[in-house]
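> Need a 3D model of the following:
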Amino acid sequence: MATNGNSNDDWWESVPCHFIWDLEKKVTVHFQTVKTNLDSKLETRKDVNWSDSACDLLLFRGYLEVSDFVGVQRNYSKAERFFQEADREAMEATDELERNAYVTVATANRLWALRKKTTGLDEVTADERVSLLKVLEDSWKKYRDGSESREKINAYIGTVAAFALSRLGVLKYKEAERRYRHAMKVLWQSLKSSWYQSLGMLIGRQSKHSAGPSLKYSEIKEEVRFYKKALKIDPYNDSARCDLALALGRIPDRVQEAERHIQQVDKEYCEIYVKKARFFRMQGEYDKCTKVLSEGEKLDSLTANFYHQFALVYRDLARQEGDYWTKREYSGKVAHYLDKCLKIDPMNFGALLDKAFSYSMRGQLQDAENLYLHIMKKFESSPFDLMHAQYRFAKFILHRDQQGMNETSAEAFEDVITTARSILLTMGSLGDDTAGNRVVLDSKKRLERYYQKIGEGQKKLRDLQNRTSSVGF
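Have a look, this model is predicted:
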């Protein structure tokens, strides 16, 4: 990081906080998606009655307001409110080192935000800077390098970083996992249920990305083990119990065990209703699924994910239904709940794609095309999302034209290849994203078959193979 030339004054620049963790590099999700998800958790916070501190969330949320993510319109006053709230929340921590870890990150974040906000220091900001430096001396600098206390406070801060990293996509998961594991090793006397739950989710996400639908129990047993450890620390962590049930539910001979866990869950808040509905939908128990979501619909505060889950249930039912009028009724409910989801979160990528597909299935082809084009424009700064949207659009063109592959659909599949090459050239990996790999390989195969059939196709075929092989495909 750059300094202003006064090393005595700039010691704080090496203090760990969001501004020095390179969070903007190799991100695979749109920052607005991250922001909306965090806001949803904060809005339903009273319903959830969190047992752990909200400092991780508040600190990351504040940072997003002044970060360098593409598309951010910096709001320093809003960031300051989040950082101050995190400070207040930190005072509730009973462990001094944990409390000082949160205060350290909040204060360092505020110093960086102050520097970015001001080109020169007037009397007011200079006083504020001096005050913040004094806080940082008390919360961080007093712990000697190499001391046990410094190691522990660093471990607590590592979980703050892990929280942020775990929300930035598949290329960040391994680093988030490493930080949680290190913190657990150092802070073995102060372990938190939420750390084990977060680690379980990270293990599960990485397994699903790397193995796809062929996931075996041997590949998720560690995920299950961490959820059980979370519940051993806090048997009332219903969110972790739902995650355990969802993991076990993917194993045919452990479905009954999963059902016993889901039946123990009795808390009535939004996140729990969504997870229970996902479990029943995964098991094909749609009556139970709609019952759970109908009960949840009575809550005062609902998230976009809640309505998206409702839409997915009726989408599955519509796919199975043979009766025309019932199928049409279900399709209408899909549209209804997707609209509710997108009203809360207009940038919900999955819901936007599902709505475009819903238009297509109902014969509203121009609406579908317009929405696909809108999605690709909105997510052009998020290459992983863009690639998946381009692939869905290419398949839509095939469905719309009903002529097999043609020049128009070939151009759409070429866009997928172009974006995938850009990802690989700039990030070096698709991040073990099985779905992403399937998208690229399917696009390539379709193009190869098409080019083999058309005049002058051999030249295009060689060009395609050169472009893909040069980045490892």
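> Just the buried residues of the helix or strand hosting residue 203, please?
Residue 203 is part of helix 193-211, with elements assigned from DSSP states H and E. Of the residues in helix 193-211, those buried by neighbour count under the rule 16 or more other C-beta atoms under 10 Å are 193-209. To be clear about C-beta, it is placed using only N, CA and C from the backbone, and glycine gets the same treatment.
> ditto for stretch 385-400
Of the residues in stretch 385-400, those buried by neighbour count under the rule 16+ other C-beta under 10 Å are 385-398.
> One more: stretch 163-181?
163-173, 175-177, 179-180.
> Can you give the contact residues for it?
18, 21, 23, 26-29, 34, 37-38, 56-57, 60, 63, 158-159, 161-162, 195, 198-199, 201-203, 205-206, 209, 384, 427, 429, 431-433 (C-beta atoms under 8 Å, 6 or more residues apart in numbering).
> where does the stretch 351-473 of the chain have low pLDDT?
Across the stretch 351-473 of the chain, the stretches falling below the confidence threshold (pLDDT under 70) are 431-433.
> Looks like residue 282 contacts residue 246 (just checking).
Yes. If you go by C-beta atoms under 8 Å, residue 282 and residue 246 touch, sitting 7.0 Å apart.
> what about the two, which has more around it?
Neighbours of residue 282 and residue 246, each counted by other C-beta atoms under 10 Å, are more numerous for residue 246; the result is 21 against 15.
> Hey, what's the angle from whichever strand or helix holds that one to helix 193-211? Just curious.
In this structure, residue 246 is located in helix 238-248 according to DSSP H and E. Between the axes of helix 238-248 and helix 193-211, defined by axes from the mean of the first three to the mean of the last three C-alpha atoms, to 10 degrees, the angle is 30 degrees.
> could you say what helices and strands the helix holding residue 203 packs with?
Helix 193-211 is packed against helix 148-165, helix 173-186, helix 217-233, helix 238-248, helix 434-451, with contacts defined by 3 or more C-beta pairs under 8 Å, 6 or more residues apart in numbering; DSSP states H and E.
> Rebuild these as a markdown table, extending it with distance to residue 74.
A markdown table is the format used below for the helices and strands packed on helix 193-211 (distance: least, C-beta to C-beta, whole Å):
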| stretch | distance to residue 74 |
| --- | --- |
| helix 148-165 | 18 |
| helix 173-186 | 25 |
| helix 217-233 | 36 |
| helix 238-248 | 33 |
| helix 434-451 | 31 |
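> So which of those is nearest residue 461?
helix 434-451 (4.1 Å; C-beta to C-beta).
> Only alpha carbons, please: show that closest one as PDB.
These are the backbone C-alpha positions of helix 434-451, laid out as PDB (Å, rounded to 0.1, in the frame of the first residue of the first chain):
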ATOM      1  CA  THR A 434     -18.300 -27.900 -12.600                       C
ATOM      2  CA  ALA A 435     -21.300 -26.100 -14.000                       C
ATOM      3  CA  GLY A 436     -19.000 -23.500 -15.700                       C
ATOM      4  CA  ASN A 437     -16.900 -26.300 -17.200                       C
ATOM      5  CA  ARG A 438     -20.000 -28.000 -18.500                       C
ATOM      6  CA  VAL A 439     -21.300 -24.800 -20.000                       C
ATOM      7  CA  VAL A 440     -18.000 -24.200 -21.900                       C
ATOM      8  CA  LEU A 441     -17.500 -27.800 -23.100                       C
ATOM      9  CA  ASP A 442     -21.100 -28.100 -24.300                       C
ATOM     10  CA  SER A 443     -20.800 -24.800 -26.200                       C
ATOM     11  CA  LYS A 444     -17.600 -26.000 -27.700                       C
ATOM     12  CA  LYS A 445     -19.100 -29.300 -28.800                       C
ATOM     13  CA  ARG A 446     -22.100 -27.700 -30.300                       C
ATOM     14  CA  LEU A 447     -19.900 -25.300 -32.300                       C
ATOM     15  CA  GLU A 448     -17.600 -28.100 -33.500                       C
ATOM     16  CA  ARG A 449     -20.500 -30.100 -34.800                       C
ATOM     17  CA  TYR A 450     -22.000 -27.100 -36.500                       C
ATOM     18  CA  TYR A 451     -18.700 -26.000 -38.100                       C
END
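> hang on, the earlier thing: residues in contact with the helix holding residue 203: which ones?
Taking contacts as C-beta under 8 Å, 6+ apart, the residues outside helix 193-211 that touch it are 51-52, 159, 162-163, 166, 170, 173-174, 176-177, 180-181, 183-184, 215, 219-220, 222-227, 229-231, 233-234, 237, 239-240, 243-244, 247, 431-435.
> For that helix, the averaged confidence score.
Looking at helix 193-211 alone, the average pLDDT works out to 85.
> Which parts of the stretch 1-150 of the chain are strands?
In the stretch 1-150 of the chain, no segments count as strands under DSSP state E, counting those that start in this stretch.
> where does it have low pLDDT?
Per-residue confidence of the stretch 1-150 of the chain (counting by pLDDT under 70) places the weak regions at 1-8, 45-53, 119-124.
> Packing partners of the helix or strand where residue 309 lies?
Counting by DSSP H and E, the secondary-structure element that holds residue 309 is helix 304-320. When contacts are defined as 3+ C-beta pairs under 8 Å, 6+ apart, helix 304-320 sits against helix 31-43, helix 270-282, helix 286-296, helix 324-344, helix 349-361.
> Please work out how many residues are found near residue 380.
Residue crowding around residue 380 was assessed by other C-beta under 10 Å; the count is 13.
> mind checking how far it is from residue 373?
Shown here: residue 380 relative to residue 373, a distance of 11 Å by C-beta to C-beta, to the nearest Å.
> that older thread, relative to residue 446, which of the buried residues of stretch 163-181 is nearest.
Proximity of the buried residues of stretch 163-181 to residue 446 was ranked by C-beta to C-beta; the top entry is residue 170 with 24.6 Å.
> And the pLDDT at the residue positioned nearest the centre of the chain?
Using C-alpha atoms, centre = their mean, the residue of the chain that lies closest to the mean C-alpha position is residue 167, 4.2 Å off. The confidence metric pLDDT takes the value 94 at residue 167.
> thinking again about what came up before, how much does the helix holding residue 246 deviate in direction from helix 217-233?
Our comparison of helix 238-248 with helix 217-233, counting by the same axes, to 10 degrees, yields an angle of 160 degrees.
> so how far is residue 303 from residue 108?
Residue 108 is 31 Å from residue 303, by C-beta to C-beta.
> Comparing these two, which shows the higher neighbour count?
Neighbours around residue 108 and residue 303, counted as other C-beta under 10 Å, are more numerous at residue 108. The numbers are 27 against 23.
> how many neighbours does the residue nearest to the more buried one when sequence neighbours are not counted have?
For residue 108, the nearest residue in space outside its immediate sequence neighbours is residue 17; the separation is 3.6 Å by C-beta to C-beta, 6 or more residues apart in numbering. By the criterion of other C-beta under 10 Å, residue 17 has 24 neighbours.
> Can you classify the residue nearest to the centre of the chain as helix, strand or coil?
coil (DSSP: H, G, I helix; E, B strand; the rest coil).
> Show the contacting residues for the residue nearest to residue 352 when sequence neighbours are not counted.
Residue nearest to residue 352 in three dimensions, not counting chain neighbours: residue 375, with 5.0 Å by C-beta to C-beta, 6+ apart. Residues counted as contacts of residue 375 (C-beta under 8 Å, 6+ apart) are 349, 352-353, 356, 389.
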